[in-house]
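> Give me a model of this one.
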Amino acid sequence: MTDRPASLAHRIYARAHLTGEFRLRSGKVSSEYFDKYLFESDPELLHAVGQALVERLPEGVVDALAGLELGGVPLATMASQLSGVPALFVRKEAKVYGTCRLAEGGEVDGQRLVVVEDVITSGGQVIQSCRDLRERGADIVTVLCVIDREEGGRENLAEQKLSLTSVFTMAQLRAAAG
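Numbering: from 1, shown residues only. The predicted structure is shown next:
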């Protein structure tokens, strides 16, 4: 890691790393947790994370950034502001009232999307959301996350023909903490 990413990793670790006993969405219990809302609610840190996400966007093949509910929404919004690429806000389930949309902010049919998530462990919700977006005609270019916990998410996404790009892996964050 260069100085800038190492510094950002250290800042994320210092701000958002918690220890204790935490049940993850995957059902696993972990002794450490990254509270993404702590780095997403810090304006300066969110800006730096957004810039790191923008630096990892594939050039020229993205129509929109699809932020997943809830943690992916501020990340997609910040990356949209910094890149000029429109953002969509993807619900875990389509609304059953009003517009009945899965994604707010624009159409997904025929759009090349980068799906944005905060932390990926097993990738279960990302896989489901990508499946739902594909059913609505979206082309998923890649999945982009801030933290890959390195607990099978990358492999599970690959099984669904989804590539994962992360700003940091868990190992990189731990190394930056020391």
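> Which parts of the protein are helices?
Taking DSSP state H as the criterion, the chain carries its helices at 3-16, 36-40, 43-55, 72-83, 124-135, 153-159, 170-177.
> which residues touch the residue nearest the centre of the chain?
The centroid of the chain falls nearest to E117 when counting by Cα atoms, centre = their mean (1.5 Å). By Cβ atoms under 8 Å, 6 or more residues apart in numbering, the contact list for E117 reads 68, 71-72, 75, 125-126, 143-146. C-beta coordinates here come from the backbone N, C-alpha and C atoms, glycine included.
> Show me the contact partners of stretch 32-42.
In contact with stretch 32-42 (Cβ under 8 Å, 6+ apart) are residues 11-12, 15-20, 22, 24, 45-46, 49, 71, 74-75, 118-119, 146-147, 149, 173.
> I'd like to know which of those residues are buried.
Buried members of the contacts of stretch 32-42, scored by 16 or more other Cβ atoms under 10 Å, are 11-12, 16-17, 45-46, 49, 71, 74-75, 118-119, 146-147, 149, 173.
> and D109, which of the helices of the chain is closest to it?
Among the helices of the chain, helix 124-135 comes nearest to D109, with 9.8 Å by Cβ to Cβ.
> and that closest one with helix 72-83, angle?
60 degrees (axes from the mean of the first three to the mean of the last three Cα atoms, to 10 degrees).
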